[in-house]
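J.: Just need the structure, nothing else, for what follows:
(one chain, ligands or ions: 1)
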Amino acid sequence: MQRTLSIVKPDGVARGVIGEVVKRLEANDLKVLAMKMIHMTKAQAEGFYAVHRERPFFHSLTDFMSSGPVVVMVLEGENAIPRYRELMGATDFKAAAEGTIRRDFATDIEKNIVHGSDSAETAAIEIGYFFNAFEINPR
Ligand code: CMP
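T.: Prediction:
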């Protein structure tokens, strides 16, 4: 069993696909153990994406991620990390497989609807960034 962090980004919230994303997660045996809507400050977005701080897109990415509310979730399931990444599709929606969330809804390499942790180590850090133990409901 693995846990992973999912974010429906500001573009996904604005386009009204929160429910569509959650539907796909649940249909694929990824259980939602925690969920909340938050509007990050620029500093909070910078903290979340700190590993990307040297990248040319860092400023734009953190502006975007703090531009509106996001929905953050903790997901659990067997091989949840790779399975959720498969459902999301490639970062660049143009390279994402048919039927993936990004292929179906993303409009831009940056505005790509969802985020998912890329490893177990990252997932633990990312989950801890948004949730404390009392907010995560094992079931
Ligand atoms: P995410 O999976 O949240 O991880 C880092 C984010 O940076 C990524 O999704 C995109 O939103 C963004 N990103 C990655 N590569 C690029 C790029 N080449 N140009 C702009 N944004 C990018």
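
J.: so where do the helices sit in this protein?
T.: Taking DSSP state H, the helices of the chain run over residues 10-14, 18-27, 42-48, 58-65, 80-88, 101-105, 120-130.

J.: Tell me which of those helices lies nearest to the ligand.
T.: helix 58-65 (4.7 Å; Cβ to the nearest ligand atom). The C-beta positions use only the backbone N, C-alpha and C, and glycine is treated the same way.

J.: Enumerate the residues of this structure near the ligand.
T.: 52, 57, 61, 91, 109, 110, 112, 115 (Cβ under 6 Å from any ligand atom).

J.: Read off the pLDDT value for the closest residue to residue 40 other than its chain neighbours.
T.: Leaving aside its chain neighbours, residue 40 sits nearest to residue 66 (4.8 Å; criterion: Cβ to Cβ, 6 or more residues apart in numbering). Here, the pLDDT recorded for residue 66 equals 98.

J.: ok, so what distance separates residue 66 from the ligand?
T.: Per Cβ to the nearest ligand atom, to the nearest Å, residue 66 is found 13 Å from the ligand.

J.: ok, now residue 89?
T.: The value you get for residue 89 to the ligand, if Cβ to the nearest ligand atom is used, is 11 Å.

J.: Kindly report the same for residue 40.
T.: Counting by Cβ to the nearest ligand atom, the gap from residue 40 to the ligand is 13 Å.

J.: In CSV: the helices of the chain, plus mean neighbour count and distance to residue 138.
T.: Below are these laid out as CSV (neighbours: other Cβ atoms under 10 Å; distance: least, Cβ to Cβ, whole Å):
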stretch, mean neighbour count, distance to residue 138
helix 10-14, 19, 26
helix 18-27, 16, 17
helix 42-48, 16, 24
helix 58-65, 16, 28
helix 80-88, 20, 14
helix 101-105, 20, 25
helix 120-130, 16, 13
